[in-house]
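Enquirer: model this:
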Amino acid sequence: MKAKVVNKYLYLLIGIIFNSRIYAQDQWQVIYQCFLRQEQLAGILNNKIYTGFGRILPGVLFNDWYEVDVTTNNCLYKNNNLPTAYPYYGGVSVTFSNVIYIGLGIDNFGQMLSDWWMYNTSTNQWIQKQSFSGTKRMDATGNKRLKTILLKDTIYLVGGIDSNGIFRKDIWKYFPGTDMWDYETDYPDSTLLTAFAYKNSIYLMDASLNLWKYENKQWSFIPASISNLCLTSRDNILIGNRVYFINCNCQMIEYNIDTQAWTLKSNYPGNSCINNPILSGNNSGYILPGEGYTAPNNSTQYNDIWIYFPDTLTYVKQQEIHSKCIIYPNPCGDDLFLNTSLENIDNVIVSDIIGNQITCDVQKLKDNMYKVDVRSLVTGVYFLFLKEKDNTIFKTKIIKR
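Expert: Predicted coordinates:
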């Protein structure tokens, strides 16, 4: 696709973009450093992560709630008005439509909870919903995790331990439309590492890495084809037909649901590898703060948020701009200038930190020199891409003041 020149302006075209996004390949990017925390609750809607509650060792609990804009790296304190809820951890959270549900877990008095709350991101309000109808329970590190799974318009809840430390096999479903809980079935195994949904099925992974598939009220068994996965988070990244897990060596592992193939991906470069939420959104994965897994950091909390760009789609070759382009000023104000030695530029693209294309006018001043109008950008971090005719893409980071 060639750039289009109208009235001396080079307008940004789609280029190598899928669904208005530019995709990196198997790459990590730190996008924010926020509060120290582990076992917090979280959800993602559009370009914003909502997170809070949880604890830091040796047992300090929280009931705060934050909004992190991944495009601007801004973190805002939000409403944590839960009238009957104390600071707590070990609960669950799930995003549905434009709201986030949280609940269960244990409070700072050691009491397990059955509370179920809905946070409306549009109104910044919490609404108490119908309490969980089953036995009170909480998440337990190891192989007795508590997990929610969203399948179409129904939220499923499975696992966790009760007040006696017994793993709960009963699976419950919650209907957001009617605000009702109902028992569904029992899980055949006594251990749970993680879970996910794909098409019309729910998949639960036991401690031996076998998968239990639940569809049409029937269970089927998929024996493990990998060993020593060593999962440290109950969460995973689900994009299309592929699921991504982080193991205790901070390695990303990809599982293809259709082919049942496992593939080792690039290492997670962050510090926290245990008890941290992992979110899926915008065809990317987000790793939130957690706790160190191995000594001497196994009692240390971290505050970094990372984004993972998988390679589940078709990608183009990418290279860093480095010496091939001079960009100034950076940080920039209203205009950004670039002078490049590249002679076959086919397109110029600006995107936010997670890859969403942003329309900006680019004026070609003379051969290989351009002026980018960035006055419409809000303060934050962005990517600038130069695409050549052979589909090689050169990229660099720019900062808007």
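Enquirer: burial measure for S341, as a count.
Expert: When neighbours are defined as other C-beta atoms under 10 Å, S341 has 9 of them. (Glycine included, C-beta is placed from N, CA and C.)
Enquirer: wait, it sits on D367?
Expert: No: if you go by C-beta atoms under 8 Å, S341 and D367 don't touch, sitting 10.7 Å apart.
Enquirer: any shared contact partners between the two?
Expert: Common neighbours of S341 and D367 are not found (criterion: C-beta atoms under 8 Å, 6 or more residues apart in numbering).
Enquirer: Could you list the domains of the chain?
Expert: Per automatic domain parsing, the structural domains of the chain span 4-18+316-400, 27-309.
Enquirer: Throw these into TSV and include mean pLDDT, thanks.
Expert: Shown next, in TSV, are these (pLDDT from 0 to 100):
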stretch	mean pLDDT
domain 4-18+316-400	72
domain 27-309	87
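Enquirer: Just name the most buried of these.
Expert: Highest mean neighbour count of the domains of the chain: domain 27-309, a mean of 18 (counted as mean count of other C-beta atoms under 10 Å).
Enquirer: Centre of the chain to it, how far?
Expert: 10 Å (C-alpha atoms, centre = their mean, to the nearest Å).
Enquirer: First-to-last residue distance for it?
Expert: Counting by C-alpha to C-alpha, to the nearest Å, you get 5 Å between the two ends of domain 27-309.
Enquirer: contact partners of stretch 71-80?
Expert: Contacts of stretch 71-80 (C-beta under 8 Å, 6+ apart): 31-32, 34, 47, 50, 52, 63-69, 124-126, 352-354, 356, 378-381.
Enquirer: so of these, which ones are in strands?
Expert: The strands in this structure, assigned by DSSP state E, contain 31-32, 50, 52, 65-69, 125-126, 352, 380-381 from the contacts of stretch 71-80.
Enquirer: which one among those gets closest to P289?
Expert: Nearest to P289 among the ones in strands among the contacts of stretch 71-80 is Y32, at 9.7 Å by C-beta to C-beta.
Enquirer: now the closest one: how far from T71?
Expert: Per C-beta to C-beta, to the nearest Å, Y32 is found 11 Å from T71.
Enquirer: what helix or strand does I202 sit in?
Expert: For I202, the host element (DSSP states H and E) is strand 201-205.
Enquirer: what does that strand rub up against?
Expert: Residues contacting strand 201-205 (C-beta under 8 Å, 6+ apart): 147, 149, 151, 156, 158, 187, 189, 192-197, 211-215, 222, 231, 257.
Enquirer: Paired strands for that strand, with orientation please.
Expert: strand 194-198 (antiparallel), strand 211-215 (antiparallel) (DSSP bridges).
Enquirer: Now tabulate these in TSV and tack on distance to D361.
Expert: What follows is those, written out as TSV (distance: least, C-beta to C-beta, whole Å):
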stretch	distance to D361
strand 194-198	42
strand 211-215	50
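Enquirer: With K397 as the reference, name the closest of these.
Expert: strand 194-198 (32.3 Å).
Enquirer: Can you tell me the closest non-neighbouring residue to I44?
Expert: G281 (4.0 Å; C-beta to C-beta, 6 or more residues apart in numbering).
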